[in-house]
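Colleague: Next comes the sequence, and after it the predicted model I'd like to discuss.
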Amino acid sequence: MFADEPGKFILACLLIPFVVGIVWLAWWFITNRSTVVTVDDERVTVRRGIFSKENIEVEMTSIRTVRVDQTFVDRIFNCGILKVYTAGDNPDIVQGGLPDPVRLRTAMRQARD
């Protein structure tokens, strides 16, 4: 979680004495653990949600571009934002806080080929 958003993590830790930080860190931990990104030979699937679920599937044949955005801090901690484009200017899948997003992009390229 620190690698995902270091500023928010430090702020949440500073708020622990006021109980707000504990609730914030617990909610953040649960939402991070309830997000799953799966890449197989046919599709990329993102499942997220605790009470209400969101399931996004994109076929490998329809993927046009895979983009990885990393800030300087993201590069230090080897995490980033994965964006998958099919048609149009808006990404169909945007998932932040992923560990080693470059490896995930490489796996998507290999599965597509």
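Modeller: Now that the structure is in, tell me what you want to look at.
Colleague: which stretches of this structure form helices?
Modeller: Secondary structure of the chain, counting by DSSP state H: helices at 6-14, 20-33, 72-77, 101-112.
Colleague: mind putting those in a markdown table, mean pLDDT included?
Modeller: Listed next are the helices of the chain as a markdown table, based on pLDDT from 0 to 100:
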| stretch | mean pLDDT |
| --- | --- |
| helix 6-14 | 78 |
| helix 20-33 | 84 |
| helix 72-77 | 85 |
| helix 101-112 | 86 |
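Colleague: out of those, nearest to Asp41?
Modeller: helix 101-112 (5.3 Å; Cβ to Cβ). Backbone N, C-alpha and C define where each C-beta goes, glycine included.
Colleague: What about Ile63, how many residues nearby?
Modeller: Ile63 has 19 neighbouring residues, counting by other Cβ atoms under 10 Å.
Colleague: check contacts around Gly49.
Modeller: With contact set as Cβ atoms under 8 Å, 6 or more residues apart in numbering, Gly49 has these partners: Ser34.
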